[in-house]
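A.B. asks: With the sequence up front, the predicted model follows.
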Amino acid sequence: MHFSSYDIALLTWFHDHPVPYSIPVLQFISNSTTYISIAVVSIILMVALARKSKPLRMKFFMLATILIMVSIVSQGLKHFIKRDRPFKTYSFIEKLSTGGDSSFPSGHTMEAFALAAALSLLFSQKKVVIPVYIWAVGVAYSRIALGVHYPSDILAGILIGTLIGWGIPWIYKRNRLTG
């Protein structure tokens, strides 16, 4: 069986078997991705300013850089790869959420996993790491279940997002930009 056959088989299964009554919740999770990312980064900045904390201010700059990098990489890849969305290619896949022109990679998933990876490095407490990864997995799942991404788009988003989320703090530390 060809890889794309597995991709569409998984997509079809997830799309056709959502948790009962979960579509509005999945739409909310999917639509909240950028709002949550910006809120988390903004809260870190506000706390850093209130506490006059240089380490927290540096974490804010790292996270802001990560969100900018995710946007650049995601849009760049989408522009060059130009993979049609599943609902455009397969009439039996219903579009249940917003989705632009290109499917690969999942920008929502990339953003969620970049933030989760970075927060797990910068704030390693379980009370931060566990909820942020649950949210990121929810974002990834929602994009497939809502018919706007293939599983391979999600996998790419997870991998690239995680690399960005770990890579930017590493670059900051390597170049002694962390204060």
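C.D. replies: In hand now; what should we look at?
A.B. asks: can you pull the buried residues of the helix ranked longest in the chain?
C.D. replies: Counting by DSSP state H, the longest helix found in the chain is helix 54-81. If you call a residue buried by 16 or more other CB atoms under 10 Å, then helix 54-81 has these buried ones: 56-67, 69-70, 73-74, 77-78. (Glycine included, C-beta is placed from N, CA and C.)
A.B. asks: what mean pLDDT would you report for that helix?
C.D. replies: Across helix 54-81, pLDDT averages out at 96.
A.B. asks: Stretch 122-139 too?
C.D. replies: Rounded mean pLDDT across stretch 122-139 is 94.
A.B. asks: tell me which residues in that stretch are buried?
C.D. replies: Buried positions in stretch 122-139, judged by neighbour count with 16+ other CB under 10 Å: 122, 129, 132-133, 135-139.
A.B. asks: How far off centre is that stretch?
C.D. replies: Centroid separation between stretch 122-139 and its chain, computed with CA atoms, centre = their mean, to the nearest Å, is 12 Å.
A.B. asks: And for stretch 115-134?
C.D. replies: So, by CA atoms, centre = their mean, the centroid of stretch 115-134 is 13 Å from its chain's centroid.
A.B. asks: got a list of what Ile93 touches?
C.D. replies: 11-12, 15, 86-87, 147 (CB atoms under 8 Å, 6 or more residues apart in numbering).
A.B. asks: Out of these, which sit inside strands?
C.D. replies: Judged by DSSP state E, the subset of the contacts of Ile93 located in strands is empty.
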